[in-house]
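1. show me how the following folds:
(chains A and B)
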Number of protein chains: 2
Amino acid sequence: MFKTRIMTPGPTQLLPEAQAAMAGPIPHHRTEAFRKIFSETRTLLQYFFDTQQDVLILASSGTGAMEGAMANLLSPGDRALIISAGKFGERWTSIAQAYSINADVISVPYGETFDLRTVEERLEANPQIKAVFVQATESSTGVRHDIERLGAIVSGRPQTCLVVDAITGLGVMEVATDQWHLDLVIGGSQKATMLPPGLAFVSVSKKAWAMIRESKSPRYYFDFQKELKSQTKGESAFTPAISLVIGLHTALEQIRAYGRDRLIANAALLASASRVALQALGLKLFARSSPSDALTTVCAPPGIDSGEIVKAFKDQFGIVLANGQGEMQGKIFRIAHLGYYDFYDAIATIACLEIILKQMGVAIELGAGVQAAQRAFLNHPRP
Amino acid sequence: MFKTRIMTPGPTQLLPEAQAAMAGPIPHHRTEAFRKIFSETRTLLQYFFDTQQDVLILASSGTGAMEGAMANLLSPGDRALIISAGKFGERWTSIAQAYSINADVISVPYGETFDLRTVEERLEANPQIKAVFVQATESSTGVRHDIERLGAIVSGRPQTCLVVDAITGLGVMEVATDQWHLDLVIGGSQKATMLPPGLAFVSVSKKAWAMIRESKSPRYYFDFQKELKSQTKGESAFTPAISLVIGLHTALEQIRAYGRDRLIANAALLASASRVALQALGLKLFARSSPSDALTTVCAPPGIDSGEIVKAFKDQFGIVLANGQGEMQGKIFRIAHLGYYDFYDAIATIACLEIILKQMGVAIELGAGVQAAQRAFLNHPRP
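-> As a prediction, this is how the structure comes out:
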């Protein structure tokens, strides 16, 4: 017997209190009862985003808000700078192509982050760049980008906005939306908010609203101005995903009570304990610079396909890990720390990995990774 | 952040599929729809009890069925033999006092099981003994009693019935109700059936029915003859705990699909892995003879109150363990293996215990228990 436990960096495990809330009957969305929940949820999102700006709720997964960000900000033929360091960075380029945006791409090898000077140089060389697109965490590689310093660079340019895909980022690293001058910040329900997929969130700065009013790209479902007008009155422009909004309301209330910073510190503890454990087992971490606390990306030992490790986790222990994506498939596997995970999850995953590696003939000492993680726990401040 | 995880030997963790079933709307109990569920559930209980006899479902916790067993079988002044090896054995004596039963008690020290010869001697010495009362597992001490051999002894006496409290026993050890000639076998919902408390079950042999028809103890709610008459028609005599019955139907269907023997083997694996781990850490197991696979009872290290260990588990890791009961309080703690637990649970509990012992200054090596459990897992046949 084993329980199925999802340990992927999205979707992540569900908050039971939110599940219970979502299991109830739903109100109609054009009622005062729902308008109250919807408005309160938007206020709670401001806390989660660390912002005074308006945060919109969209009935879509995160990619919808990524598309919406580009379609609302830019017009066909506009210039954009894309920072691409993995599968989600590449998605910005695909969206730019779909909307005939003239994209300048800073492409960074998988497992690394970008060089801030390169960004400065490109912005200097192309003063007509209207927006910079980046991920807070590139969850295909497990790398965290330096959003704070990027915000400092872009905010000095009155004609350029910064768009941050913080779908993997919010609730797992500091994202000081206002203080760091982030113009569009995007979130999704299936990450640190501990909900199923189906909702996207986006905060919009005054600078971004000014650009949005001028842009001419086609958009209808993801029209941010239309949404703002409706959502200010407590309603979404189109039918909202009612039960997910109810779940989000519950989850964000719990996060506000627990503390945004503690949620972030919890992921940091699990990431830190998992990494010393993996290194004690002689495994190589894939994120060579600036690893994110959202997840740990691990290189499979030489001669072993990471898919076999993922399969053994599923078949023997019911643990669902993520394989690498695209060209990283078979080479890495990914363990989530963001949202509803605790030390119990982290330590059991390491203990099961040790068994799997032993079965595969990898020369490791059983318990060695666990011991390293236990030491890390004992020395780490409690979130 | 941590999740709250109940690891007590009752209530145990809930089966999610049963939770989902119980969260639905309930039918009225005097309908064909519910009669069908109720009857199917009684048939599934026959599989779970390994019996062709009638199994009754009662809306009570296990103690209600224990009382019912005595009240239905015996009359005031009747002689009974009680095997008492812990808090639940002592409960038989309390019930006997309440019903003016003349109880002969074989009292065994906590942590030990009874001697079969003593039972034979007492039965020889008191041929008027009408019933023998025993636990399959005494869950206050973690000891398993030899029900098979007890069945062989009692079944040779046509005037004596054997009553087995298998609340902790069914689904965690072999209980061959018919083959072992067990006259009354009692179960409860909050153990290996992975449900909340609130239901008791009892199987009744032909020999027991004959005795029940003669008995004169007062009973009303727990009148087994009245229940049999109703339940044969698919209804309980009084209002049933409808949602729990619906959950039981789902849980037993899952158990039948998974296999009763595999459920038992799963607990055996977790018990075995946990015990070698605890011993590798230098801890003493409390059950000196015949340990049950339902739970492991562990002696706190010298100078440490087991309540402090239980508290540290709760405060630091959200794990709810059971302290000792009565005179064992402060001396032992108890870890459950029965029902909805898997290796992930067992190994994480050992890893967290190691951290707690280290914090308390106990001389243990971090990871040593985990390593022993991992070795046990690798060498143990898969359930």
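2. after the helix or strand where A:Lys229 lies comes which helix or strand?
-> In this assignment (DSSP states H and E), A:Lys229 forms part of helix A:224-231. For helix A:224-231, the following helix or strand on the C-terminal side (DSSP H and E) is helix A:242-258.
3. could you dump that next one to PDB, C-alpha only?
-> Taking Å, rounded to 0.1, in the frame of the first residue of the first chain, the C-alpha atoms of helix A:242-258 are listed here in PDB:
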ATOM      1  CA  ILE A 242     -16.200  30.200  -8.700                       C
ATOM      2  CA  SER A 243     -15.000  27.300  -6.600                       C
ATOM      3  CA  LEU A 244     -11.400  28.000  -7.200                       C
ATOM      4  CA  VAL A 245     -11.900  31.600  -6.100                       C
ATOM      5  CA  ILE A 246     -13.600  30.300  -2.900                       C
ATOM      6  CA  GLY A 247     -10.600  28.000  -2.400                       C
ATOM      7  CA  LEU A 248      -8.200  30.900  -3.100                       C
ATOM      8  CA  HIS A 249     -10.000  33.100  -0.500                       C
ATOM      9  CA  THR A 250      -9.500  30.400   2.100                       C
ATOM     10  CA  ALA A 251      -5.800  29.700   1.200                       C
ATOM     11  CA  LEU A 252      -4.900  33.300   1.200                       C
ATOM     12  CA  GLU A 253      -6.500  33.800   4.600                       C
ATOM     13  CA  GLN A 254      -4.400  31.000   5.900                       C
ATOM     14  CA  ILE A 255      -1.300  32.400   4.300                       C
ATOM     15  CA  ARG A 256      -2.000  35.900   5.800                       C
ATOM     16  CA  ALA A 257      -2.400  34.300   9.200                       C
ATOM     17  CA  TYR A 258       0.700  32.100   8.800                       C
END
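4. hmm, back to that, and the helix holding A:Lys229, what does it pack onto?
-> strand A:54-58, helix A:62-73, strand A:200-204, helix A:206-214 (3 or more C-beta pairs under 8 Å, 6 or more residues apart in numbering or on different chains; DSSP states H and E). C-beta here means a position set from N, CA and C on the backbone, and glycine is covered the same way.
5. contacts for the longest one, please.
-> Spelled out, that is helix A:62-73. When contacts are defined by C-beta atoms under 8 Å, 6 or more residues apart in numbering or on different chains, helix A:62-73 is touched by residues A:58, A:80, A:91-92, A:95-96, A:98-99, A:101, A:130-131, A:133, A:161, A:163, A:165, A:167, A:184, A:186-188, A:200-202, A:208, A:211-212, A:215, A:217-219, A:221-225.
6. try it again with 6 Å
-> For helix A:62-73, the external contacting residues (C-beta atoms under 6 Å, 6 or more residues apart in numbering or on different chains) are A:58, A:95, A:99, A:131, A:163, A:165, A:167, A:184, A:186, A:188, A:200, A:202, A:211-212, A:215, A:217, A:219, A:222, A:224.
7. which SSE is A:Gly111 in?
-> Here A:Gly111 is assigned to no helix or strand, by DSSP H and E.
8. okay, and the beta partners of A:Ile186?
-> A:Ile186 has these beta-bridge partners by DSSP bridges: A:Asp165, A:Val202.
9. flag every buried residue along the helix holding A:Lys229.
-> A:224, A:227, A:230-231 (16 or more other C-beta atoms under 10 Å in any protein chain shown).
10. got the angle between it and helix A:206-214?
-> 110 degrees (axes from the mean of the first three to the mean of the last three C-alpha atoms, to 10 degrees).
11. got the CA coordinates for helix A:224-231 in PDB?
-> Provided in PDB are the C-alpha atoms of helix A:224-231 (Å, rounded to 0.1, in the frame of the first residue of the first chain):
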ATOM      1  CA  PHE A 224      -7.000  43.800 -18.600                       C
ATOM      2  CA  GLN A 225      -8.800  47.200 -18.900                       C
ATOM      3  CA  LYS A 226     -12.200  45.500 -19.200                       C
ATOM      4  CA  GLU A 227     -11.300  43.200 -16.300                       C
ATOM      5  CA  LEU A 228     -10.200  46.100 -14.100                       C
ATOM      6  CA  LYS A 229     -13.500  47.900 -14.700                       C
ATOM      7  CA  SER A 230     -15.500  44.800 -13.700                       C
ATOM      8  CA  GLN A 231     -13.300  43.600 -10.900                       C
END
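12. just give the nearest non-adjacent residue to A:Arg213, would you?
-> A:Gln225 (7.2 Å; C-beta to C-beta, 6 or more residues apart in numbering or on different chains).
13. give the contact list for the most centrally placed residue in chain A.
-> Nearest to the geometric centre of chain A sits A:Thr168, at 1.0 Å (C-alpha atoms, centre = their mean). Shown in contact with A:Thr168 (C-beta under 6 Å, 6+ apart): A:137, A:139, A:191, A:294.
14. picking that back up, and for the helix holding A:Lys229, what are the contacting residues?
-> Under C-beta under 6 Å, 6+ apart, the answer for helix A:224-231 is A:54, A:56, A:72, A:212, A:236-237.
15. swap the cut-off to 10 Å and go again
-> A:38-39, A:42, A:54-58, A:65, A:68-69, A:71-73, A:184, A:202, A:204, A:208-209, A:212-213, A:215, A:219-221, A:223, A:235-238, A:240 (C-beta atoms under 10 Å, 6 or more residues apart in numbering or on different chains).
16. that helix - what's its average pLDDT?
-> In this model, helix A:224-231 carries a mean pLDDT of 98.
17. just how off-centre is that helix within its chain?
-> In terms of C-alpha atoms, centre = their mean, to the nearest Å, the centre of helix A:224-231 is found 24 Å from the chain centre.
18. now it against helix A:62-73, angle please.
-> Put simply, helix A:224-231 runs at 110 degrees to helix A:62-73, going by the same axes, to 10 degrees.
19. so which strand or helix has A:Ile335?
-> Per DSSP H and E: strand A:332-336 holds A:Ile335.
20. contacting residues for A:Asp223?
-> A:68, A:71-72, A:212, A:229-230, A:237-238.
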